[in-house]
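J.: no sequence for this one, just the structure:
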């Protein structure tokens with residue numbers, strides 16, 4: 001997918017590396033392409049987790065539309081894509097939020113809008129908690145860590161598939177297809193190249209090495225474990241749009257109502273016939289919703 005042209009933007013042309021302390025971080029930066037983008041805070045897109053995940057894999061289909069209104073920064077979070085893959089000493093979201101704040105410092109950016117999907121939703125929440133002055137508005141798409149399953153099984157069907165990718169007999173194309181199936185309401189909506197691209201990324205030597213170190217760390221001292229951000233979401237005063245797929249089998253919809261109840265300035269949009277990847281299955285509606293919310297008075 002890296003060679004694909006999207007509305008005049010390509011993964012190659014927008015690719016950048018930024019040094020943040022000891023970490024080499026990778027992102028895609030569209031720059032401010034319009035007067036509207038120059039006037040608005042930059043928009044940071046934070047991808048979900050799972051095998052083969054990266055910023056471009058998660059959001060490539062959204063970048064052209066969003067770049068008409070914002071300078072878009074599509075970040076590979078630590079451990080994913082072309083960014084370095086350290087094992088955090090403590091909680092993963094505390095670590096990711098600190099790295100994100102350092103990345104904004106390195107880019108000389110004071111404040112940003114955030115779109116966070118799943119793992120990226122957890123990073124967004126922690127950034128708003130630990131560095132509230134760096135966040136303007138947030139859109140959270142099935143965010144991890146911010147809610148409790150009140151009616152659904154825990155762990156969910158989708159999380160079992162996700163965590164099982166490297167276990168047992170190890171990675172396979174069949175397991176990657178099962179992952180895509182559980183992430184979406186209609187797998188046919190996913191471009192066919194996503195299967196091969198994500199499988200190649202998930203089984204690359206650096207990804208396999210990272211997973212081995214990560215699993216070893218979990219057993220040793222809980223390094224890189226996610227924190228229970230749901231305990232603190234009531235402290236987040238930022239204007240927030242929660243978005244959820246009605247048919248999300250990874251982080252089910254009932255978690256949305258927990259966050260909606262506890263967050264003081266949150267509202268909720270539910271996409272019908274939609275799984276965990278609303279930005280892909282409902283691309284145009286998602287983009288319109290994002291622009292309207294982030295650019296609103």
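T.: Right, received. Where do you want to start? All of these numbers come straight from a predicted model, not from anything done at the bench.

J.: give me phi/psi at the residue nearest to residue 159 when sequence neighbours are not counted?
T.: Among residues not flanking residue 159 along the chain, residue 250 sits closest, at 6.1 Å (C-beta to C-beta, 6 or more residues apart in numbering). All C-beta atoms are positioned from the backbone trio N, CA, C, and that covers glycine. Residue 250 has phi and psi values of phi -100, psi -60 when expressed as degrees, to the nearest 10.

J.: for the stretch 151-297 of the chain, what spans make up the helices?
T.: Under the criterion DSSP state H, counting those that start in this stretch, the stretch 151-297 of the chain contains helices at 157-163, 173-183, 193-202, 205-221, 254-262, 278-281, 283-295.

J.: can you redo those as CSV with mean pLDDT and distance to residue 15?
T.: Listed next are these as CSV, based on pLDDT from 0 to 100; distance: least, C-beta to C-beta, whole Å:
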stretch, mean pLDDT, distance to residue 15
helix 157-163, 94, 27
helix 173-183, 97, 24
helix 193-202, 96, 15
helix 205-221, 78, 17
helix 254-262, 96, 34
helix 278-281, 97, 20
helix 283-295, 98, 22
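
J.: in the helix or strand hosting residue 37, what's buried?
T.: Taking DSSP states H and E as the criterion, residue 37 maps to helix 35-39. By neighbour count on 16 or more other C-beta atoms under 10 Å, the buried set for helix 35-39 is residue 37.

J.: which residues are in contact with that helix?
T.: 31, 32, 67, 68, 69, 70, 71, 295 (C-beta atoms under 8 Å, 6 or more residues apart in numbering).

J.: pLDDT on that helix, on average?
T.: The pLDDT scores in helix 35-39 average 95.

J.: Name the next helix or strand downstream of it, please.
T.: Using DSSP H and E, the next helix or strand after helix 35-39 towards the C-terminus is strand 43-46.

J.: Can you name the element that comes right after that following strand?
T.: By DSSP H and E, the next helix or strand past strand 43-46 is helix 55-59.

J.: What is the next helix or strand after that following helix packed up against?
T.: For helix 55-59, the following helix or strand on the C-terminal side (DSSP H and E) is helix 63-67. If you count contacts as 3 or more C-beta pairs under 8 Å, 6 or more residues apart in numbering; DSSP states H and E, helix 63-67 packs onto strand 9-10, strand 43-46, strand 72-75, helix 283-295.

J.: follow-up on the earlier one: hang on, the residue nearest to residue 159 packs against residue 153?
T.: No: taking contacts as C-beta atoms under 8 Å, residue 250 lies outside contact range of residue 153: 11.8 Å.

J.: quick one: which of these two has more around it?
T.: Per other C-beta atoms under 10 Å, whichever of residue 250 and residue 153 has more neighbours is residue 250, with 25 against 10.

J.: The more buried one: what's it in contact with?
T.: By C-beta under 8 Å, 6+ apart, the residues touching residue 250 are 118, 142, 156, 157, 158, 159, 162, 182, 183, 275, 276.

J.: From residue 42, how far off is it?
T.: Relative to residue 42, residue 250 is positioned 28 Å away (C-beta to C-beta, to the nearest Å).

J.: Residue 18 too?
T.: Distance from residue 18 to residue 42, by C-beta to C-beta: 13 Å.

J.: most centrally placed residue in this structure?
T.: Centroid check for the chain by C-alpha atoms, centre = their mean gives residue 47 as the closest residue, at 2.2 Å.

J.: and that residue, what are its phi and psi?
T.: Dihedral angles of residue 47 (phi, psi; degrees, to the nearest 10) stand at phi -70, psi 170.
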